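**Q** pasting a predicted model and its sequence here:
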Amino acid sequence: MWRRIVDYLPAAPGAQRQLAQLVAAVRYDLSWRFARPGAFRHRFERAIATMPQGICLYDAQDRLQLVNEQFCKIYNQEMAKLPIGISFYDVLAYSCAIGNYPGRSVNDIYSLRKAFIDKRQKGTFLQELGGERLIAISHQPLEDGGWVCTYEDITERRRAEAQIEYLAQHDGLTKLPNRLLFNSRLDEAIDQARCGVDCALLCLDLDGFKDVNDRLGHAAGDVLLQEVAGRLLKCIGQDATAARLGGDEFAIVLPNTSAVEAIKTAQRVTSRLSETHSLGTFGEAKIGVSIGIACAPTHADAAGPLLLLADKALYAAKYSGVGVPLLYDEELERLAVELRDKAAASRKGSAPLANEEQSRIAVLANDLRTALHEGHIHLCYQPIYDTVTRRPIAVEALARWSDPIRGSVSPMEFIPVAENSGLIGPLTEWVLLSACRQASRWREPVQVSVNLSPLNLSQPAFAATVARILGESGLAPNRLVLELTEGVHLQKSNVVENCLRDLKVLGVALWLDDFGSGYANIGYLRRLSCSVVKIDRSFLAPHEKQREILSGMIALVQACGLRVVAEGVETSAHHLLLQELGCDLVQGFLFGRPMAPEQIDATLLLGAESALRDRVA
């Protein structure tokens with residue numbers, strides 16, 4: 001019949017094609033209308049069964065009218081246990097019974113769902129199932145009072161989206177947040193700081209990382225960076241963010257953190273990162289870290305300026321070579337510039353180091369870092385005697401390095417390396433703790449003196465470190481002497497001035513070492529608030545003006561109300577001359593060489609006369 005109708009169509013091709021399409025549509029429609037009973041329902045059921053989403057249809061009394069296999073797969077239910085007419089409550093009860101909602105009761109789940117159904121509103125919401133599965137449910141009310149829902153398991157999709165987001169915000173090597181996420185966390189912390197909740201920013205740069213890369217290869221460097229990342233995470237709280245900004249540069253955002261707490265965190269990071277790093281098949285590595293600290297809103301109340309100031313503090317910390325964290329200070333920039341200019345002038349005035357010499361110094365610094373951690377550094381002690389009472393009044397702690405391969409390494413060699421490689425801070429802290437612990441066990445309550453580098457005083461938290469060490473060792477503050485070398489000019493900055501003031505408040509004694517070898521003047525003595533001055537050993541060398549110079553120096557110091565120590569006393573002639581000139585204290589080989597800790601107690605029981613008699617004999 002359809003063919004005969006087409007025969008009567010107009011001859012024009014366009015009109016014939018349009019009418020053919022119309023006839024095809026009518027034919028399709030009539031095929032559904034006159035199909036055998038059940039054909040439409042059969043096709044409908046096939047469509048429902050093959051849907052990628054689960055579907056449930058309920059009537060106005062919340063009784064199930066339709067469900068497909070995909071719904072059963074999503075909820076791990078059997079189709080046979082979901083008969084037509086079962087109530088919505090029973091469907092949920094069955095789902096709870098098989099563990100889809102661990103820790104939740106069917107009544108709680110039903111109450112929440114029923115409250116939403118009764119609103120008769122269209123909506124989509126997420127539902128969490130056991131096993132960390134996530135289901136998207138789309139709810140649609142129907143005109144007859146019933147409702148229909150579709151269900152889609154979006155667990156894998158969400159995981160993929162989360163992974164993509166994670167990769168966009170994290171460093172691929174260390175898994176730490178990258179600069180993108182770091183900036184976001186920093187902005188959040190500064191927003192809180194504007195509302196009165198302080199925060200701190202730490203900028204970190206690894207010291208010695210390039211050496212590891214050069215010696216062991218970039219693969220070893222990658223392992224080291226992963227080790228560093230793991231240790232950083234162990235040093236900070238859950239609210240903090242440790243990020244890798246690139247290369248060997250890291251940063252830490254500390255929300256709700258004061259400057260004092262930030263310094264403590266930075267010290268913890270410094271100590272942890274300075275420990276030996278195991279690199280698997282590549283062996284072991286030793287590195288240090290320079291840290292600059294800035295706080296909001298004290299230093300800045302915006303991310304850009306705060307980051308700039310933390311970078312400046314980092315620059316100063318790295319250039320100072322002290323190996324300890326530095327908190328930003330207005331004088332810090334000037335200090336950093338002076339240190340940089342001084343280093344540049346030193347390099348300009350001397351011949352460039354050969355590559356072999358540079359390599360030797362780098363290796364020595366790395367070996368010193370290893371020696372410090374493996375116990376190859378030890379202390380010897382040399383007494384200082386009172387010329388009137390003839391009794392020892394103090395003992396100077398002297399660091400010695402006994403290397404298994406190098407043998408004995410002179411302090412004149414390794415102390416400058418420590419200052420230039422960022423190890424002087426950890427080395428000084430170790431000497432202080434060891435000396436204070438030893439002194440606390442002496443039977444004679446004499447003082448113990450420890451030499452400081454001027455770089456130590458550039459550390460804002462140095463006084464707090466000394467206080468902590470005194471507390472740990474149990475040594476009274478007045479029994480600790482800190483000797484400040486006069487050979488290098490102390491920078492006049494707020495950080496140094498505050499450190500000196502805090503040390504005086506703490507109750508420790510300050511002595512000036514190597515007097516006459518560098519920048520001595522009356523103003524310098526007054527600013528340091530020293531109680532004792534040690535005349536440099538070079539003034540005991542034979543010289544036609546020896547008596548006059550020594551006499552003038554001793555008189556000058558004593559006129560300032562200070563006591564005088566002559567170091568390097570090696571002969572009886574030295575001793576007699578100093579007695580005649582009224583020198584207060586003496587120290588040198590004539591009375592005792594540097595000795596092991598176990599010899600100190602016996603030595604302290606002897607007076608200068610006994611020591612001198614033994615030496616002359």
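**A** Received, thanks. Numbering: from 1, shown residues only.
**Q** excluding chain neighbours, what is closest to Val409?
**A** Nearest non-adjacent residue to Val409, counting by C-beta to C-beta, 6 or more residues apart in numbering: Trp401, 4.2 Å away. In short, each C-beta sits where N, CA and C put it, glycine included.
**Q** could you list the buried residues of the host helix or strand of that neighbour?
**A** Assignment of secondary structure by DSSP states H and E places Trp401 within strand 392-403. Taking 16 or more other C-beta atoms under 10 Å as the neighbour-count basis, strand 392-403 is seen to contain the buried residues Pro392, Ile393, Ala394, Val395, Glu396, Ala397, Leu398, Ala399, Arg400, Trp401, Asp403.
**Q** which two among those residues are spaced furthest apart?
**A** Every pair in the buried residues of strand 392-403 was compared (C-beta to C-beta); the two farthest apart turn out to be Ile393 and Asp403, at 33.5 Å.
**Q** host element of Leu368?
**A** With DSSP H and E as the criterion, the answer for Leu368 is helix 355-374.
**Q** next helix or strand past that helix?
**A** From helix 355-374 onward toward the C-terminus, using DSSP H and E, the following helix or strand is strand 377-386.
**Q** contacts for that following strand, please.
**A** The set of residues external to strand 377-386 that reach it, using C-beta atoms under 8 Å, 6 or more residues apart in numbering, is 371, 391-402, 427, 430-431, 434-435, 438, 448-449, 565, 584-587, 591-597, 600, 603-604, 607-608, 611.
**Q** sorry, back to before: could you export the buried residues of strand 392-403 as a markdown table, including pLDDT and distance to Glu580?
**A** Compiled in a markdown table, those are given as follows (pLDDT from 0 to 100; distance: C-beta to C-beta, whole Å):
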| residue | pLDDT | distance to Glu580 |
| --- | --- | --- |
| Pro392 | 89 | 22 |
| Ile393 | 91 | 21 |
| Ala394 | 92 | 23 |
| Val395 | 94 | 26 |
| Glu396 | 94 | 25 |
| Ala397 | 95 | 30 |
| Leu398 | 94 | 29 |
| Ala399 | 94 | 34 |
| Arg400 | 93 | 34 |
| Trp401 | 92 | 38 |
| Asp403 | 85 | 43 |
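**Q** the helix holding Leu368 - what's its average pLDDT?
**A** When pLDDT is averaged along helix 355-374, the result is 71.
**Q** likewise for stretch 312-330?
**A** Averaged across stretch 312-330, pLDDT comes to 76.
**Q** gap between it and the chain center?
**A** 15 Å (C-alpha atoms, centre = their mean, to the nearest Å).
**Q** can you check stretch 200-215 too?
**A** Computed by C-alpha atoms, centre = their mean, the separation of stretch 200-215 from the middle of its chain amounts to 12 Å.
**Q** would you map the helices across the stretch 451-600 of the chain?
**A** Counting by DSSP state H, counting those that start in this stretch, one finds helices in the stretch 451-600 of the chain at the ranges 462-473, 494-506, 522-528, 546-559, 572-581, 597-604.
**Q** packing partners of the first one?
**A** Other helices and strands packing on helix 462-473, by 3 or more C-beta pairs under 8 Å, 6 or more residues apart in numbering; DSSP states H and E, are helix 259-273, helix 424-439, strand 480-485, helix 494-506.
**Q** before we move on, the earlier item: pull out the buried positions in the helix or strand just after the strand holding Trp401.
**A** Helices and strands here follow DSSP H and E; after strand 392-403, the next one along the chain is strand 407-409. In terms of neighbour count (16+ other C-beta under 10 Å), strand 407-409 has its buried residues at Val409.
**Q** and strand 407-409, what does it pack against?
**A** In terms of contacts (3+ C-beta pairs under 8 Å, 6+ apart), strand 407-409 is packed against strand 392-403.
**Q** mind listing the strands the strand it packs on pairs with, and their directions?
**A** Strands flanking strand 392-403 in the sheet, each with its direction: strand 377-386 (antiparallel), strand 407-409 (antiparallel), strand 447-452 (parallel) (DSSP bridges).
**Q** which one of these lies nearest to Ala463?
**A** The closest approach between Ala463 and any of the strands paired with strand 392-403, judged by C-beta to C-beta, belongs to strand 447-452 at 11.8 Å.
**Q** re the thing from before, now render the helices and strands packed on helix 462-473 as JSON lines, adding distance to Tyr385 and mean pLDDT.
**A** Written out in JSON lines, the entries for these read as follows (distance: least, C-beta to C-beta, whole Å; pLDDT from 0 to 100):
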{"stretch": "helix 259-273", "distance to Tyr385": "37", "mean pLDDT": "89"}
{"stretch": "helix 424-439", "distance to Tyr385": "17", "mean pLDDT": "91"}
{"stretch": "strand 480-485", "distance to Tyr385": "15", "mean pLDDT": "89"}
{"stretch": "helix 494-506", "distance to Tyr385": "25", "mean pLDDT": "83"}
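**Q** pLDDT score assigned to Gly386?
**A** Slight slip there: residue 386 is Asp, not Gly. The per-residue pLDDT reported for Asp386 equals 89.
**Q** do Ala611 as well
**A** Predicted confidence (pLDDT) at Ala611: the value is 52.
**Q** quick one: the strand or helix carrying Thr150 to chain centroid distance?
**A** Assessed by DSSP H and E, Thr150 sits inside strand 147-153. For strand 147-153, the separation from the chain centroid amounts to 48 Å (computed by C-alpha atoms, centre = their mean).
**Q** buried sites along the following helix or strand past it?
**A** Per DSSP H and E, strand 147-153 leads on to helix 155-169 as the next helix or strand towards the C-terminus. Burial within helix 155-169, assessed by neighbour count using 16+ other C-beta under 10 Å, is assigned to Thr155.
**Q** next one: stretch 201-217
**A** Of the residues in stretch 201-217, those buried under the neighbour-count criterion (16+ other C-beta under 10 Å) are 201-209, 211-213, 216.
**Q** can you give me the end-to-end distance of it?
**A** 31 Å (C-alpha to C-alpha, to the nearest Å).
**Q** what pLDDT, on average, does it get?
**A** Model confidence over stretch 201-217 averages 89 on the pLDDT scale.
**Q** same check on stretch 551-561?
**A** Model confidence over stretch 551-561, given as mean pLDDT, is 84.
**Q** so what pLDDT did the closest residue in space to Lys318 that isn't next to it in sequence get?
**A** In this structure, Lys318 finds its nearest non-sequential neighbour in Ser290, 4.0 Å apart by C-beta to C-beta, 6+ apart. Confidence per residue is given as pLDDT, and for Ser290 that number is 90.
**Q** quick one: distance of stretch 213-228 to the chain centre.
**A** Centre to centre, stretch against its chain (C-alpha atoms, centre = their mean), the figure for stretch 213-228 is 18 Å.
**Q** what's it in contact with?
**A** Around stretch 213-228, the neighbours that count as contacts under C-beta under 8 Å, 6+ apart are 173-174, 206, 209, 212, 244, 248, 250, 273, 277-280, 282-283, 285, 287.
**Q** out of those, which are buried?
**A** Buried by 16+ other C-beta under 10 Å: 174, 206, 209, 212, 244, 248, 250, 273, 277, 279, 282, 285, 287, out of those.
**Q** what's the neighbour count on Leu482?
**A** 23 (other C-beta atoms under 10 Å).
**Q** my read is that it contacts Leu503, right?
**A** Yes: the pair formed by Leu482 and Leu503 meets the contact definition of C-beta atoms under 8 Å, at 6.6 Å.
**Q** below-threshold pLDDT in the protein: ranges please.
**A** For the chain, the stretches with pLDDT under 70 are 1-45, 320-323, 330-360, 362, 486-494, 516-528, 605-617.
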